[in-house]
Structure formats: C-alpha cells, structure tokens
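Trainee: Got a sequence here, can you model it:
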Amino acid sequence: MSKKDTGFEDSLAELEKLIEAMETGGLSLEDSLKHFEKGTSLLKTCQKTLTEAEQKVRLLSKSEKLSDFPDND
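Mentor: Residues are numbered from 1 along each chain as shown. Next up, the predicted model:
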C-alpha cells in the first residue's frame, strides 16, 4: 500500500470517528463545530483522492483497451 493510499484510509477512518462522536450527542456546541470543520476538510481530501483514482482508471481503461476474458466453454 502506498503512502497516498494510507493517507486516504487514515482520513476516512478519522472522518468516521468524528461522525460517530457527533452522532452520540455528547459534544459541546464548540466541539461539534470543530468536529464538523475537520470532517468537512477530511471529506474534501477523500473526495479529491477518489476523483483522481477514478480519472486514472478511466485513462488506463482507454489506453489499455480492456476486453472481456474469453469463454473457456
């Protein structure tokens, strides 16, 4: 796993923890706002990483001209 992949996985895990903490309702308003702000930033980072990966897959699919596997019947 590359460093960038680990960053995505770590960001996603942190985002999930923030959401869980907010859903429990035990945070003060100030802490909820801090969690929301951090979560928004993490979400943008994850979305950017996924968009880049999707673009790379599309580019590779076009350049490699992927085809179906032949039937072995």
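
Trainee: which SS state does Gly26 fall under?
Mentor: coil (DSSP: H, G, I helix; E, B strand; the rest coil).

Trainee: roughly how far apart are it and Glu16?
Mentor: 17 Å (C-beta to C-beta, to the nearest Å). Placement of C-beta: from N, CA and C, glycine included.

Trainee: More neighbours: those two, which one.
Mentor: Set side by side, Gly26 and Glu16 give different neighbour counts by other C-beta atoms under 10 Å, the larger being at Glu16 (12 against 9).

Trainee: Find the helix or strand that that one is a member of.
Mentor: Per DSSP states H and E: Glu16 is located in helix 3-24.

Trainee: which helices and strands sit right next to that helix?
Mentor: helix 29-64 (3 or more C-beta pairs under 8 Å, 6 or more residues apart in numbering; DSSP states H and E).

Trainee: so who does the spatially closest residue to His35 that is not a sequence neighbour touch?
Mentor: Nearest non-adjacent residue to His35, counting by C-beta to C-beta, 6 or more residues apart in numbering: Leu18, 4.7 Å away. By C-beta atoms under 8 Å, 6 or more residues apart in numbering, the contact set of Leu18 is His35, Lys38, Gly39, Leu42.

Trainee: got the contact list for the most centrally placed residue in the chain?
Mentor: Geometric centre of the chain, nearest residue: Cys46, 3.5 Å, by C-alpha atoms, centre = their mean. If you count contacts by C-beta under 8 Å, 6+ apart, Cys46 has them with Phe8, Ser11, Leu12, Leu15.

Trainee: hmm, try it at 6 Å
Mentor: Ser11, Leu12 (C-beta atoms under 6 Å, 6 or more residues apart in numbering).

Trainee: just Ser32 next, same as before
Mentor: The contact partners of Ser32, by C-beta under 6 Å, 6+ apart, come to Met22.
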